[in-house]
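> generate coordinates for the sequence data below:
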Amino acid sequence: MLWLILALAVFSVAIFIVSDTKGWLLRAYFLKALASFGFIGVLVLVLYEKLFHVGSFFYLGDEFLDYLPFAFLFLLALVSGLIGDLVLQLRPFRPQADKDQIIFSGVVAFSAGHIFYYSALVGLGGFSFYPFIGAIILTGLVFFFSRFMKLEWGKSFWPCVWYSFIIFLMTCQAVVIGIRFGFGWFEIFVLAGASLFALSDLILSQVYFRKEPKAIMSVLNLSTYYSAQILLALSLLFLL
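I've put the predicted structure just below:
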């Protein structure tokens with residue numbers, strides 16, 4: 001069942017990207033909601049495999065109960081992503097004057113998601129100051145080089161600085177866990193998901209804050225974003 005839901009999630013992402021590229025606004029909005037529910041469905045089936053599917057290779061039953069709080073934080077992160085997705089998809093339906101407000105609302109939703117992810121990873125791997133240092137350095141580099149890419153941040157500058165820090169904090173925490181415990185499948189999936197998430201948002205900045213962005217940028221952004229969320233949802237399959 002998990003692999004069927006995973007296949008359906010990937011398929012829904014694909015048809016959403018096609019609809020979005022074609023400019024079918026209402027259809028794309030519905031399909032984006034479906035695609036985002038897809039990564040939540042993957043996590044739900046992962047928990048079923050871990051807790052209830054006795055015949056599964058990944059079944060742990062009661063041994064997995066101690067990890068449910070972290071799984072719940074992952075679920076909250078994915079739900080935050082769903083909310084952020086639906087908020088940002090409102091842009092084509094609203095006047096240009098609402099752009100900054102929509103982006104700010106999306107930043108709030110996705111920031112909450114990354115805080116949930118980060119909290120779960122700290123609970124699993126322990127607190128470290130190194131991710132904060134790494135996040136500050138990477139955020140500084142991004143906004144330094146953005147000057148040469150001619151990105152026009154407008155009123156979204158400081159919200160985007162905050163958001164960049166939060167996503168790099170989560171990504172660096174994933175690196176710390178891998179170094180501390182070794183790069184098993186769980187750590188690899190988490191790091192891959194976190195890295196793709198950061199990459200998707202770097203690409204998104206080209207879509208939102210650059211004049212006349214290339215169409216391929218939107219496709220790359222959506223592909224990397226949904227891959228990130230699905231990998232993060234699947235990572236719990238390999239926990240323990």
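> what are the ranges of the helices in this protein?
For the chain, the helices defined by DSSP state H occupy 2-22, 25-51, 68-88, 99-125, 130-145, 157-181, 185-208, 215-235.
> closest one to L60 among those?
With CB to CB, the closest approach to L60 among the helices of the chain belongs to helix 25-51: 5.3 Å. Backbone N, C-alpha and C define where each C-beta goes, glycine included.
> and the closest one, what does it pack against?
helix 2-22, helix 68-88, helix 215-235 (3 or more CB pairs under 8 Å, 6 or more residues apart in numbering; DSSP states H and E).
> make CSV from the ones you listed and add mean neighbour count to it.
Below are those laid out as CSV (neighbours: other CB atoms under 10 Å):
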stretch, mean neighbour count
helix 2-22, 17
helix 68-88, 19
helix 215-235, 20
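> nearest to M149 among the ones you listed would be which one?
Set against M149 and scored by CB to CB, the helices and strands packed on helix 25-51 come closest in helix 215-235, at 11.8 Å.
> and the angle from the closest one to helix 68-88?
Between helix 215-235 and helix 68-88, the angle comes out at 160 degrees (axes from the mean of the first three to the mean of the last three CA atoms, to 10 degrees).
> burial check on L169, number of neighbours?
Neighbours of L169 under the rule other CB atoms under 10 Å: 23.
> contacts only, for the nearest residue to it once chain neighbours are set aside.
In this structure, L169 finds its nearest non-sequential neighbour in A135, 4.1 Å apart by CB to CB, 6 or more residues apart in numbering. Neighbour list for A135: 165-166, 168-169, 171-172 [criterion: CB atoms under 8 Å, 6 or more residues apart in numbering].
> again, but for Q173
With the criterion set at CB under 8 Å, 6+ apart, Q173 makes contact with 118, 121-122, 125, 128, 131.
> and V122, by the same measure?
In this structure, V122 makes contact with Q173, judged by CB under 8 Å, 6+ apart.
> now it: how far from S235?
Using CB to CB, to the nearest Å, we find V122 at a distance of 15 Å from S235.
> and E152, its phi and psi?
E152 has phi and psi values of phi -110, psi 100 when expressed as degrees, to the nearest 10.
> is it true that it touches K211?
Yes - between E152 and K211 there is a contact under CB atoms under 8 Å: 7.1 Å.
> do you know how far L2 is from F70?
Shown here: L2 relative to F70, a distance of 19 Å by CB to CB.
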